[in-house]
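Undergrad: Here's a sequence, model it:
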Amino acid sequence: MGETAAGRRVLLLNPAWKRLEEPFEHLGLGCLAASLRRAGIDTVILDEPLCGGRSGTLQLVREGGFGLIGVSVTFQEGAAEALTAITRLKAATGVPVAIGGIYPTFAAEEILSLYPAVDFIVKGEGEETLPELAETLFSGGDVKRVPGLVGRTGTELWETPDRPGVADLDTLPWPARDTLPAVLKRTGVASLLSSRGCYGRCSFCSVDAFFSRFGAKMRRRSTEDVLAEMEELIGRYGVSNFSFNDANFIGGKGRGRERAREIAGGILQKGWKIKFSIECRVTDVDKELFSLLKQAGLCKVFLGVESGSQSVLDRFRKDATVEENMRALEILSGLDLFVAMGFIMFDSKTTFAELNENIQFLQQVKAVTGRPYLAQVDPVSKLLPFAGTKAEADLKAEGRYRGNTLSFSYCLKDPKVEALYRLLCLFTGAGRKLRTLRGKSLYREYDWQTGTIKD
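TA: Predicted structure coming up:
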């Protein structure tokens with residue numbers, strides 16, 4: 001690329017987070033970088049977790065001639081740390097800052113009020129909004145005419161209309177893969193997005209609320225586009241392990257299952273010797289389909305089980321039964337697939353009866369599948385009322401939500417269950433420290449390099 005005029009470059013930043021155990025390829029920034037570059041805007045990706053922290057960020061910004069910094073706030077739990085770092089960066093450089101992600105979309109006014117260093121929040125998907133914002137800033141135009149923003153002018157906060165999500169995902173460029181070589185050296189796995197959204201309506205999940213706000217709650221790329229990107233990654237980067245980061249890879253009956261079959265069939269037809277992981281709901285698990293996926297290289301499934309109590313599943317709006325949970329686990333276990341099980345032991349209304357049902361369910365999982373790791377869950381996993389979710393709205397309506405989206409808490413409705421929860425937290429915390437001192441991970445995980453389970 002030729003010389004770029006000063007102030008006409010964009011820096012895309014994935015901020016460091018102390019609690020992040022393993023760096024990952026940030027596909028969100030890759031998608032934004034690809035769209036910015038297609039619009040002719042010079043763009044640099046800086047992934048601090050991959051670079052070892054923030055040590056070189058300030059110097060890069062000072063010397064890079066950037067006219068806009070775009071920051072992805074991926075984890076709501078790490079938002080305060082990220083926003084504090086943004087504040088320091090803005091004070092030292094003065095470069096305008098735009099942040100985006102699911103959490104900032106729902107907490108835009110709160111963030112702008114608490115952190116004056118943030119100039120803009122991109123609502124929803126950013127592939128169209130961020131290039132338009134950058135061009136408007138660089139040309140001295142009126143940013144209030146750019147759809148999909150919440151921003152500030154002096155002390156005034158303003159908001160432009162929502163921008164609908166991109167209807168046809170195949171029209172978007174594939175993500176820029178600037179950081180992939182470094183990721184492959186660390187983890188051996190490339191990330192891939194074949195769809196956006198989920199057809200579910202879980203009360204604790206912000207994915208449904210986010211995508212429903214801007215259009216269709218679930219959109220899929222075509223089979224041809226997905227396979228073509230995989231072929232590019234295999235040929236150019238030598239990728240043999242893929243992690244599909246879709247909130248729901250299968251996407252329900254009908255076209256969802258048909259597309260999953262097509263992708264598996266395409267992999268087999270091309271003769272690729274690869275491994276891949278997916279995420280899905282228990283109602284997506286079908287023995288015939290998953291047998292085909294395993295033939296194609298499926299080795300790991302993140303499964304949204306969430307509870308072994310029917311009353312809890314109903315409260316979570318899972319639209320699934322305990323029997324369906326068990327059936328899905330039996331099928332996946334029978335196919336010898338590693339399962340990482342999503343499970344929430346406590347929520348605001350948990351009763352002792354529901355806890356007992358959960359314990360009995362986990363014992364049954366272990367007995368039926370014969371695989372101890374399938375029943376291994378965090379005993380103090382607690383529902384987090386993320387911004388934009390029904391769970392958050394319900395706690396606020398009941399007057400039991402404490403703090404704000406940057407530091408929230410709530411007590412369980414039954415004080416005796418709350419006391420048990422706190423006691424378990426103490427014991428669990430001590431056990432985790434002991435495992436850490438012994439150099440062991442907190443949970444069993446799939447090892448991509450060896451294809452075995454690592455403890």
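Undergrad: CA atoms for contacts and neighbours, from now on please.
TA: Fine.
Undergrad: Need the nearest residue in space to residue 298, chain neighbours excluded.
TA: Spatial nearest neighbour of residue 298, chain neighbours left out: residue 276 (4.9 Å); criterion: Cα to Cα, 6 or more residues apart in numbering.
Undergrad: What strands line up against the helix or strand hosting the one you found, and which way round?
TA: Take DSSP states H and E as the rule and residue 276 turns out to sit in strand 275-281. Here strand 275-281 is paired, per DSSP bridges, with strand 241-244 (parallel), strand 298-306 (parallel).
Undergrad: What would the longest one look like as CSV? C-alpha coordinates only.
TA: In CSV, the C-alpha atoms belonging to strand 298-306 read as follows (Å, rounded to 0.1, in the frame of the first residue of the first chain):
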residue,chain,number,x,y,z
LEU,A,298,-16.0,-32.9,14.0
CYS,A,299,-14.2,-33.5,17.3
LYS,A,300,-15.7,-31.1,19.9
VAL,A,301,-19.1,-29.7,20.6
PHE,A,302,-20.0,-26.9,23.0
LEU,A,303,-23.5,-27.9,24.0
GLY,A,304,-25.9,-25.5,25.7
VAL,A,305,-27.4,-27.8,28.3
GLU,A,306,-27.7,-25.2,31.2
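Undergrad: Give the buried residues for the helix or strand just after it.
TA: Heading C-terminal from strand 298-306, the first helix or strand you meet, by DSSP H and E, is helix 310-315. Within helix 310-315, the residues scored as buried using 16 or more other Cα atoms under 10 Å are 310, 312-313, 315.
Undergrad: sorry, back to before: turn the strands paired with strand 275-281 into CSV, including mean neighbour count.
TA: Formatted as CSV, the strands paired with strand 275-281 follow (neighbours: other Cα atoms under 10 Å):
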stretch, mean neighbour count
strand 241-244, 20
strand 298-306, 22
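Undergrad: a strand runs through residue 341, doesn't it?
TA: Yes - Residue 341: assigned to a strand according to DSSP: H, G, I helix; E, B strand; the rest coil.
Undergrad: Now it: closest residue in space that isn't a chain neighbour?
TA: residue 303 (5.0 Å).
Undergrad: Quick check, that neighbour in contact with residue 337.
TA: No - Residue 303 is not in contact with residue 337 according to Cα atoms under 8 Å; the separation is 11.4 Å.
Undergrad: how long is stretch 201-211 end to end?
TA: From its first residue to its last, stretch 201-211 covers 11 Å (Cα to Cα, to the nearest Å).
Undergrad: Contacts for it next, please.
TA: 102, 124, 165, 196-200, 217-218, 247, 315-318, 383-392 (Cα atoms under 8 Å, 6 or more residues apart in numbering).
Undergrad: quick one on the thing from earlier: where's the residue nearest to residue 341 relative to residue 207, distance?
TA: With Cα to Cα as the criterion, residue 303 and residue 207 are 16 Å apart.
Undergrad: so where is the stretch 301-450 of the chain shaky, pLDDT-wise?
TA: 431-432, 434-443 (pLDDT under 70).
Undergrad: OK, contacts around the closest residue to residue 405 other than its chain neighbours?
TA: Leaving out its chain neighbours, the residue that sits closest to residue 405 by Cα to Cα, 6+ apart is residue 387, at 6.5 Å. By Cα under 8 Å, 6+ apart, the residues touching residue 387 are 103, 106-107, 206, 405.
Undergrad: Spell out which two among the residues you listed are the most distant pair, please.
TA: Across the contacts of residue 387, no pair lies farther apart than 206 and 405, at 13.0 Å, counting by Cα to Cα.
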